[in-house]
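K.L.:
here is a sequence together with a model predicted from it:
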2 protein chains.
Amino acid sequence: MVVVGAGFSGLAAALALARAGARVRVLEARDRVGGRVLTGWLDDGTQLDLGAQWIGPTQERMYALVSAYGIDTFPSAAHGAGYVLRRGGRSTEPPAGAEELFAALDSLSAAVDPAEPWRAAEAPRWDRTCLTDWLEGTAADPESARYAGRLLAGGLLAASPDEISVLQMVFYLRGGGGSRLLLGMAGGAQQDRLVGGPAALAQRMAAALPEGSVTCGAPVHAIEQDRAGVLVHTERERVAADAVVVALPPALAGRIRYAPALPALRDGLTQRVPMGSAFKVHAVYPEPFWRADGLSGVGTAVVGPVTETVDNGMPDSGRGVLTAFCYGDEARELREMSAGARRDALLDALTAAVGRRAGRPDELIEYDWSADPYTRGCFCGALTPGSWTRYGPFLRRPVGRIHWAGTETATRWAGYLEGAVRAGERAAAEVTGADRPAD
Amino acid sequence: MVVVGAGFSGLAAALALARAGARVRVLEARDRVGGRVLTGWLDDGTQLDLGAQWIGPTQERMYALVSAYGIDTFPSAAHGAGYVLRRGGRSTEPPAGAEELFAALDSLSAAVDPAEPWRAAEAPRWDRTCLTDWLEGTAADPESARYAGRLLAGGLLAASPDEISVLQMVFYLRGGGGSRLLLGMAGGAQQDRLVGGPAALAQRMAAALPEGSVTCGAPVHAIEQDRAGVLVHTERERVAADAVVVALPPALAGRIRYAPALPALRDGLTQRVPMGSAFKVHAVYPEPFWRADGLSGVGTAVVGPVTETVDNGMPDSGRGVLTAFCYGDEARELREMSAGARRDALLDALTAAVGRRAGRPDELIEYDWSADPYTRGCFCGALTPGSWTRYGPFLRRPVGRIHWAGTETATRWAGYLEGAVRAGERAAAEVTGADRPAD
């Protein structure tokens, strides 16, 4: 069997296939495994999670992997008070109506089966309605609508709420167990970090495969299939197999050449799942000075380029790391700025969040996943407005010997490491004919 | 210079480059030139236009090419009365409020500069509002809204109105000179056909290039650029040049590998311009029997899988050809049916349009451009809701030595042969530094 992509979804698929007795080749475009995760290190050993970084309650497969591969976890730092940056300045409270909006969307999501969101009774209307319009039509005040849009479309999908349909939103909320779980730090999806970062886990997963299973630096250019099998082409080799699991986001899966050509509607799907637009920046300080001021560094903003910050240092020691997340329009605007203007905009926002010492970091470390040709955007792909009801059924449907994995195809925790693993294991079960795991 | 794609846009670019004295190589994936045009022939010589087929008033570049290359044109057949198929049955009149809806959208389009639609004062709202919602909020009655959605999103963009933003719609209306010109037969964009089909013109354009300029069967897989030039890779060769014009729809341009990788926002654009979903079927009869019944065969439908039909036979003689156009949801549904069920659905619709003899064609000839890996949908790509204001500026902006053509990049008659030619000539002028033609 061949697996395309050695992110968490591809690795999970490969491990499941190997467990079932299959010979597996994993072909990875980059020079490393892990996909949308990357760990950086400061000279004092402080770990910087440049991509996906958290796991939390109900992400059972990730906790099982962490445990199985001997990776330690530690809780996200959260000492002291959070903040909400609002038009009037720093506050401790979000806009009054925001909780109701979260609850109302959670309530809509109860009507959605994340395996078939297009079957919901209201699916056609939700699919063509963008989140902005729904929020503005529902919210008691504009600030709540704006805040909810930034946290939900932005914080969860790295998009602006104009770009996200209500159906995509409630699919995502349902798959992740609701807004409280999705948005929460302790008790939520941002609860725990991994020692060495998720990249360390990916490396151990890869190492658990038989020697030589994983080939890095091998972007897959073409996949041929016929009655006899598949032939997967990289620059340097052609790998024959009975089946292939493509563990890439749909937007990138669409860039592979297929022979015979994919069916029209499967191809059409890949034209309609653009990647999110996140900008994650780590500001590094000699120490986490905000903690001494009684601040957690964890907060959200209704205004400005930064929608969320976290204290991304080690919980009890080391350098101070304040990580800023920018989404959708704000991320795109930052990307278009000069480096100097971007730095100014970010530091102004961090200063507003935790005080003026934030304006003088030792380092400001960016990693733009949208610029990476093997990712092209984070956190994940989302179906464009109007597309779930039309192209959703083709997200997971195999095409002959080709099976589709990647976190975008998960029915639980799509967009997360957990969803990636679940999708990979589900695709592997399709291939082996094993009982399908409860994805 | 290299041009990728020998559709009308690529051929127009190549001719303009050659006229400017450049040596040009045109690399075409298919085994033929012309792109989204294809001519079929019946045994008696009747011409079937399987793809793009019409030209009309204000399409000055196309008439100039037709004249320059000695292609004859003939008027689209239209003998007798049209029809509008409505819920209650066949009518001669469209729903009462439809004209007002067309006029209202034309009026909005006056505020849009098709070179920069994202700058319109109402652009953010229009970009996130789908055409369905605008029509339902504006129309006096549901039937008018439905009809206008089918004719505008469907007839012009081969999409369902849920998938098309108001901004995309008014951009398109403006670029094509308004709904009356766009939707009209005589006096409109469907006025004239080409003897031999547009494919005959494409062949003559290609033949006018220096011997050996065009290489068919040469899909471009990768484009490298550096300070010295570009290197364009096909399966068999690497072609060096000073610059390259990529004359493909954005969705397909995004599937080429670029080194260095394209900027994030240019790549993001290519993730957000899905191709339309049209299904064009030719029903062939011994004679155009509807003409004897006083019917033109030209009509539109508020209901059923077929949105439009035309008499696609020669104006005065030969076999009867009734061509059905299905768009968006209807096209997708037909694609998913068995061949038999599809035939039944289409023939029922044609029977409702012109009478029961339509139920017994000699032949039913389909060509599905969405299944073609070098097109992947017709008529053209359209930016997804929310995308014009965010990614529109990257549609034409060159990336170093790479210039972007294709009808989707035109500011006048985008989506048409005329737009393709204008875009190709504009891209060529970018390369040569010539005065930019009035695209």
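P.N.:
Okay, I see it. Residues are numbered from 1 along each chain as shown, chains lettered A, B, ... in the order given.

K.L.:
count of neighbours near A:A259?
P.N.:
13 (other CB atoms under 10 Å in any protein chain shown). Quick note: C-beta positions are derived from backbone N, CA and C, even for glycine.

K.L.:
run through the residues that contact it.
P.N.:
Under the criterion of CB atoms under 8 Å, 6 or more residues apart in numbering or on different chains, the contact list for A:A259 reads A:222-225.

K.L.:
so which of these reach chain B?
P.N.:
For chain B, no contacts are drawn from the contacts of A:A259 by CB under 8 Å from any CB of the partner chain.

K.L.:
most neighbours out of those, which is it?
P.N.:
Neighbour-wise, the contacts of A:A259 (other CB under 10 Å) top out at A:I223, 23 neighbours.

K.L.:
around chain B, pick out the residues from the stretch 201-350 of chain A.
P.N.:
A:219, A:221, A:251, A:254-255, A:257-258, A:261-265, A:267-268, A:271-275, A:277, A:329, A:332, A:335-336.

K.L.:
now those: which count as buried?
P.N.:
A:219, A:221, A:251, A:254-255, A:257-258, A:262-265, A:267-268, A:271-275, A:277, A:329, A:332, A:335 (16 or more other CB atoms under 10 Å in any protein chain shown).

K.L.:
in helices only, show me those residues.
P.N.:
In this view, those that belong to helices under DSSP state H are A:251, A:264-265, A:267-268, A:329, A:332, A:335.

K.L.:
let me know the closest of the contacts of A:A259 to chain B.
P.N.:
Distance to chain B across these (CB to the nearest CB) is lowest for A:A222, with 8.8 Å.

K.L.:
including pLDDT, could the ones in helices among the buried ones among the residues of the stretch 201-350 of chain A next to chain B go into CSV?
P.N.:
Below are these laid out as CSV (pLDDT from 0 to 100):
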residue, pLDDT
A:A251, 98
A:A264, 97
A:L265, 97
A:D267, 98
A:G268, 98
A:D329, 98
A:R332, 97
A:R335, 94
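
K.L.:
just the closest of those to chain B, please.
P.N.:
A:A264 (3.6 Å).

K.L.:
ok, that closest one - contacts?
P.N.:
B:277, B:335, B:368, B:370-371, B:376-377.

K.L.:
change it to 10 Å
P.N.:
By CB atoms under 10 Å, 6 or more residues apart in numbering or on different chains, the contact set of A:A264 is A:394, B:275, B:277, B:279, B:331-332, B:335-336, B:368-373, B:376-377.

K.L.:
next one: phi and psi at A:I365?
P.N.:
phi -110, psi 120 (degrees, to the nearest 10).

K.L.:
mind listing the strands for the stretch 151-300 of chain A?
P.N.:
A:192-194, A:214-215, A:220-225, A:230-234, A:238-241, A:244-246, A:257-259, A:278-285, A:295-301 (DSSP state E, counting those that start in this stretch).

K.L.:
so of those strands, which one's packed in deepest?
P.N.:
Counting by mean count of other CB atoms under 10 Å in any protein chain shown, strand A:244-246 has the highest mean neighbour count of the strands of the stretch 151-300 of chain A, with a mean of 30.

K.L.:
show me what that strand packs onto, helices and strands only.
P.N.:
On a contact count with 3 or more CB pairs under 10 Å, 6 or more residues apart in numbering or on different chains; DSSP states H and E, strand A:244-246 meets strand A:2-4, helix A:8-19, strand A:25-27, strand A:220-225, strand A:230-234, strand A:402-404, helix A:417-432.

K.L.:
make CSV out of the ones you listed and add mean pLDDT and distance to A:A283.
P.N.:
Shown next, in CSV, are the helices and strands packed on strand A:244-246 (pLDDT from 0 to 100; distance: least, CB to CB, whole Å):
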stretch, mean pLDDT, distance to A:A283
strand A:2-4, 98, 36
helix A:8-19, 98, 27
strand A:25-27, 98, 36
strand A:220-225, 98, 37
strand A:230-234, 98, 39
strand A:402-404, 98, 38
helix A:417-432, 98, 24
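
K.L.:
hang on, the earlier thing: can you list the strands of the stretch 151-300 of chain A in JSON lines and add distance to A:L383?
P.N.:
What follows is these, written out as JSON lines (distance: least, CB to CB, whole Å):
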{"stretch": "strand A:192-194", "distance to A:L383": "29"}
{"stretch": "strand A:214-215", "distance to A:L383": "30"}
{"stretch": "strand A:220-225", "distance to A:L383": "23"}
{"stretch": "strand A:230-234", "distance to A:L383": "27"}
{"stretch": "strand A:238-241", "distance to A:L383": "29"}
{"stretch": "strand A:244-246", "distance to A:L383": "18"}
{"stretch": "strand A:257-259", "distance to A:L383": "21"}
{"stretch": "strand A:278-285", "distance to A:L383": "18"}
{"stretch": "strand A:295-301", "distance to A:L383": "26"}
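
K.L.:
get me the contact residues on the stretch 1-150 of chain A for chain B.
P.N.:
Residues of the stretch 1-150 of chain A found near chain B (CB under 10 Å from any CB of the partner chain) are A:124-125, A:127-133.

K.L.:
of those, closest to A:A52?
P.N.:
A:L131 (22.8 Å; CB to CB).

K.L.:
which residues touch the nearest residue to that closest one once chain neighbours are set aside?
P.N.:
Excluding the flanking residues, the one nearest A:L131 by CB to CB, 6 or more residues apart in numbering or on different chains is A:P161, at 3.8 Å. Contacts for A:P161 (CB under 10 Å, 6+ apart) come out as A:130-136, A:145-146, A:148-154, A:169, A:327-329, B:128, B:386.

K.L.:
and with 6 Å instead?
P.N.:
Applying CB atoms under 6 Å, 6 or more residues apart in numbering or on different chains, we find A:P161 in contact with A:131-132, A:149, A:153.

K.L.:
in those residues, find the pair that's most separated.
P.N.:
A:T132 and A:A153 (8.1 Å).

K.L.:
between the two, which one's more packed in?
P.N.:
Legend: neighbour count by other CB under 10 Å for A:T132 and A:A153, higher for A:A153 (29 against 23).

K.L.:
residues near A:R119, how many?
P.N.:
Neighbours around A:R119, by other CB under 10 Å: 13.

K.L.:
ok, and what's touching the lowest-mean-pLDDT helix or strand in chain A?
P.N.:
Within chain A, confidence by mean pLDDT, DSSP states H and E is lowest for strand A:89-91 among all helices and strands, at a mean of 92. For strand A:89-91, contacts defined as CB under 6 Å, 6+ apart pick out A:83-84.

K.L.:
quick one: that strand to chain centroid distance?
P.N.:
29 Å (CA atoms, centre = their mean, to the nearest Å).

K.L.:
what are the pairing partners of it, and which direction each?
P.N.:
strand A:81-86 (antiparallel) (DSSP bridges).

K.L.:
avg pLDDT for the strand it pairs with?
P.N.:
Per-residue pLDDT over strand A:81-86 has a mean of 95.

K.L.:
how distant is that strand from the center of its chain?
P.N.:
That offset, for strand A:81-86, works out to 24 Å (CA atoms, centre = their mean).

K.L.:
do the same with stretch A:192-204
P.N.:
15 Å.
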